[in-house]
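> Next one to model:
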Amino acid sequence: MSELSSQRAAILAFLRQRVGEGAPPSLAEIAAHCGFASRNAAQKHVQALAEAGLIELRSGQKRGIRIPGGEPDALLTLAVLGRVAAGQPLGADIGLDRQLRLDRGLFALRPDYLLQVQGDSMIDDGILDGDLVGVQRSREARNGQIVVARVDDEITIKRLERSPNGIRLLPRNPAHAPIVVAADADFAIEGIYCGLIRQG
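Sure, this is the predicted structure:
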């Protein structure tokens, strides 16, 4: 195998970092990171790295980049820590329910734990009553992300909306009203939604 160009080595380092973080990048993200004008340029470099055996591509997946031998944690052991409301917030129930061993590939981000959904306020995002949602611990989130939030010791899962008027937690079911977070509320983001598993 010929020595990698500095540009291709930088792309490989970026891919390894993102895959290691549990968030393989899309071609658009690779292009943006590297300053390419189009995804086609990113595709060319990614294909060359795959042909050299430095990465693996899973067909039919937007984020199907894998690092050979770099996935010792393909199976995750995750604790189910209790319930999260998809509806009106419910009191935190963080007792350990059980542990599950799950394929890492089920989640867009690497979760730290699971919560069981109670309610139907997020059905338009495909999150149903009884689903187990993966949550990555984080105190920060981008506007529009699905988050697990605490409002005055109650826990809920909603889309985050920050504006000059304050913070709202938005449901994805027209039957539910947004939760307006009062300026004096004890509010915190507990984590970011990573994906879900549906129990049969």
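> And the longest helix anywhere in the chain, what's buried?
In the chain, with assignment by DSSP state H, the single longest helix is helix 6-20. Neighbour-count burial for helix 6-20, counted by 16 or more other CB atoms under 10 Å, picks out R8, I11, L12, L15, R18, V19. For every residue, glycine as well, the C-beta is placed using N, CA and C.
> what's the answer for stretch 36-51, then?
Using 16+ other CB under 10 Å as the test for burial, stretch 36-51 gives F36, R39, A42, H45, V46, L49.
> Name the nearest of the buried residues of helix 6-20 relative to A183.
A183 lies nearest to R18 out of the buried residues of helix 6-20, by CB to CB, at 36.9 Å.
> ok, the nearest residue to that closest one once chain neighbours are set aside - contacts?
Setting aside the residues directly before and after it, R18 is nearest to P25 in space (CB to CB, 6 or more residues apart in numbering), at 4.8 Å. Counting by CB atoms under 8 Å, 6 or more residues apart in numbering, P25 touches F14, L15, R18, H33, R63, I65.
> separation between the closest residue to A37 other than its chain neighbours and R66?
Spatially, and ignoring its direct neighbours in sequence, A37 is nearest to A31 (7.6 Å; CB to CB, 6+ apart). A31 sits 19 Å away from R66, going by CB to CB, to the nearest Å.
> same deal with S26?
Taken as CB to CB, the span from S26 to R66 is 14 Å.
> ok, now which ones touch S38?
A31.
> related to what we said a few turns ago, is it possible to export the contacts of P25 to CSV including distance to N173 and pLDDT?
CSV is the format used below for those (distance: CB to CB, whole Å; pLDDT from 0 to 100):
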residue, distance to N173, pLDDT
F14, 38, 84
L15, 37, 85
R18, 33, 79
H33, 36, 86
R63, 28, 77
I65, 34, 85
